[in-house]
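Enquirer: fold the stuff below for me.
(one chain, ligands or ions: 1)
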Amino acid sequence: MSLPPYEPPSLVRHQPGFMNKFSRLQGREPLTHLDGVSVEALIAAYGSPLFVFSERTLVDRITELRTAMSRRWPKVRIAWSYKTNYLDGICRVFHREGAWAEVVSGMEYEMARRRGVPGEHIHFNGPDKSRAELQRALREGAHVHLDHFDELALAEDIAKEDRTTYKVAIRLNLAARGVPAWSRFGFNLENGQARDAVVRLLQGGHLDLSGLHCHLGTFILEPSAYRDQAGKLAGFANDIRKEFGVTLDFIDVGGGQASHNTLKAQYLPGEQATPPFSRYAEALAEGLSKLDGGGPMPTLVLETGRALVDDAGSLITTVIANKRLPDGRRGVVLDAGVNTLFTAFWYRHDVLPTATWRGIPEPTVLYGPLCMNIDVVRDTLLFPAVEPGQHLVVRNVGAYNVTQWMQFITYRPAVVLIGRDGQHALLRRREVLEDVTGPEVTPPWL
Ligand SMILES: Cc1ncc(COP(=O)(O)O)c(C=O)c1O
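Expert: Presented below is the predicted three-dimensional model:
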């Protein structure tokens, strides 16, 4: 029988109030592989830091969402929220799995069209659509969601110019229990503005109303908010049908379902607190059951973003150095900072070592290389001793990071996809100096 290696005793300063009954020590099992591919091999092939996406998880999540929703509603459409992650390879996986595109800008619209998504398979949101962008989308049959009266007038003007009638949807904002209102987008339901928009739209005679849209907010942990939302949308759809004889093609409930991350202010960890898609589906169906049943049932459209892609993404980072901070905590400097991992501002991300560790975990701050005090990847977690050159994996980072990341003092990392058969390939190469300085122009007098 071989004895475990000798470990010298050590004294560890514990921070009062740090542990609660849910706080766990990091498991002793290191995370050595992602979808069967060795982390060391990935770093050797593509460098550090490195974003890695799992195609298997992407497919599993969208399948789970579609199955849960389809059990509850006869016609379901998933429109992939581009702003959450518009890397070509990620969008192609979701489109291959049957998702349409949900875009919020002319640039995203162009991205979807370039990868072959037809206009009729695009939902176009957002408060800033130029005349040219709106005209293109309307002419290409996209589902344009009008955000404000000025945009309504613009769409009408385009329809007049084109001597035709265009179908459009309107975006609504409304109050749902437990969710701070995103009242800046769309027409408010409760104060009658939404009804005014319908009246104005129909009176103009150049636009038809095809759908209602409402995106409640994001990382909504309470499924009952969707019961309120869908119930209110259904009630409004009933009113429109009775008053104006309009039957809607779709009701779009936006996105907002939570991923398996843990918000900074959250008590329970994400793996315990995040509801399964089936609970959101149940709440939505209960709300939609308020539809009075006159005419065909509208399609339920979902614009789920982070809950589809977050769990599929990991960030591999390398330890640069260990330090002892004046307050006694260990500081670990990483080669990835908050400009790469924007979501570190919101989440207590799960971070795992990739090598077997020994010794006692101690309160540790993980911070990045930006030379700025805000550059904190994890503020105090119980973490084992790690050595410079060792790799760590930050989990559930697939949403919003590779769209909101900022180039700052160094290059943005490569992004890799691991396929379902274990093959891997670049989705985006690591930046080089020309990517940073390329758009610059030097004035002739300098
Ligand atoms: C209109 C719209 N739809 C969908 C989404 C996706 O939201 P989430 O990632 O929370 O699912 C967003 C995100 O802000 C949005 O603005």
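Enquirer: C-alpha from now on. contacts and neighbour counts both.
Expert: Will do.
Enquirer: what about the protein, any weak spots by pLDDT?
Expert: 1, 11-28 (pLDDT under 70).
Enquirer: got the residues of this protein near the ligand?
Expert: Proximity of the chain to the ligand (CA under 6 Å from any ligand atom) is limited to residues 81, 84, 125, 215, 218-219, 254-257, 303-306.
Enquirer: now with 5 Å?
Expert: Proximity of the chain to the ligand, by CA under 5 Å from any ligand atom, involves residues 218, 254-256, 303-306.
Enquirer: turn these into CSV, columns for secondary structure and neighbour count.
Expert: Shown next, in CSV, are the residues of the chain next to the ligand (DSSP: H, G, I helix; E, B strand; the rest coil; neighbours: other CA atoms under 10 Å):
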residue, secondary structure, neighbour count
Thr218, coil, 18
Gly254, coil, 24
Gly255, coil, 25
Gly256, coil, 20
Glu303, coil, 25
Thr304, coil, 25
Gly305, coil, 27
Arg306, helix, 27
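Enquirer: what about whatever residue of the stretch 51-200 of the chain ends up closest to the ligand, how many residues close to it?
Expert: With CA to the nearest ligand atom, the shortest gap between the stretch 51-200 of the chain and the ligand falls at Ser81, namely 5.3 Å. Ser81 has 26 neighbours, counted by other CA atoms under 10 Å.
Enquirer: phi and psi next, for it.
Expert: phi -80, psi 100 (degrees, to the nearest 10).
Enquirer: from what I can see it touches Gly305, true?
Expert: Yes: at 5.1 Å, Ser81 and Gly305 qualify as touching, with contact defined as CA atoms under 8 Å.
Enquirer: so what are the sheet partners of whichever strand or helix holds Ala79 and their directions?
Expert: Counting by DSSP states H and E, the element that carries Ala79 is strand 76-81. Partners of strand 76-81 in the sheet, by DSSP bridges, are strand 100-103 (parallel), strand 299-302 (parallel).
Enquirer: name the residues that touch the last one?
Expert: Okay, so that is strand 299-302. 73-79, 249-255 (CA atoms under 8 Å, 6 or more residues apart in numbering).
Enquirer: please pick the buried ones from the residues you listed.
Expert: 73, 76-79, 249-255 (16 or more other CA atoms under 10 Å).
Enquirer: okay if I get those residues as JSON lines plus distance to Val365?
Expert: Below are those laid out as JSON lines (distance: CA to CA, whole Å):
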{"residue": "Trp73", "distance to Val365": "46"}
{"residue": "Val76", "distance to Val365": "44"}
{"residue": "Arg77", "distance to Val365": "43"}
{"residue": "Ile78", "distance to Val365": "39"}
{"residue": "Ala79", "distance to Val365": "38"}
{"residue": "Asp249", "distance to Val365": "51"}
{"residue": "Phe250", "distance to Val365": "48"}
{"residue": "Ile251", "distance to Val365": "45"}
{"residue": "Asp252", "distance to Val365": "42"}
{"residue": "Val253", "distance to Val365": "39"}
{"residue": "Gly254", "distance to Val365": "36"}
{"residue": "Gly255", "distance to Val365": "33"}
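Enquirer: from those, which is closest to Asp421?
Expert: Ile78 (25.4 Å; CA to CA).
Enquirer: and the protein, what are its domains?
Expert: Domain assignment for the chain, taken from automatic domain parsing, gives 33-53+311-430, 125-304.
Enquirer: show the contacting residues for the residue nearest the centre of the chain.
Expert: The centre of the chain sits closest to Arg306, judged by CA atoms, centre = their mean, with a distance of 2.8 Å. When contacts are counted by CA under 8 Å, 6+ apart, Arg306 is found next to 84, 219, 256-259, 398-400.
Enquirer: in helices only, show me those residues.
Expert: Among the contacts of Arg306, no member is found in helices (DSSP state H).
Enquirer: and which of these is nearest Gly235?
Expert: Gly256 (21.3 Å).
Enquirer: that closest one against Leu216, yeah?
Expert: Yes: Gly256 sits in contact with Leu216 when judged by CA under 8 Å, with a separation of 6.8 Å.
Enquirer: quick one, strands of the stretch 251-400 of the chain?
Expert: With DSSP state E, counting those that start in this stretch as the criterion, the stretch 251-400 of the chain has strands at 299-302, 313-324, 330-334, 351-353, 362-367, 376-383, 391-395.
Enquirer: adjacent strands (with direction) for the second one?
Expert: Under the criterion DSSP bridges, strand 313-324 sits next to strand 50-54 (antiparallel), strand 330-334 (antiparallel), strand 391-395 (antiparallel) in its sheet.
Enquirer: sorry, back to before: contacts for the strand holding Ala79?
Expert: Contacts for strand 76-81 (CA under 8 Å, 6+ apart): 66, 69-70, 91, 94-95, 98-103, 122-123, 255, 299-305.
Enquirer: before we move on, what about stretch 68-75?
Expert: 76, 277-278, 281-282, 285, 297-300.
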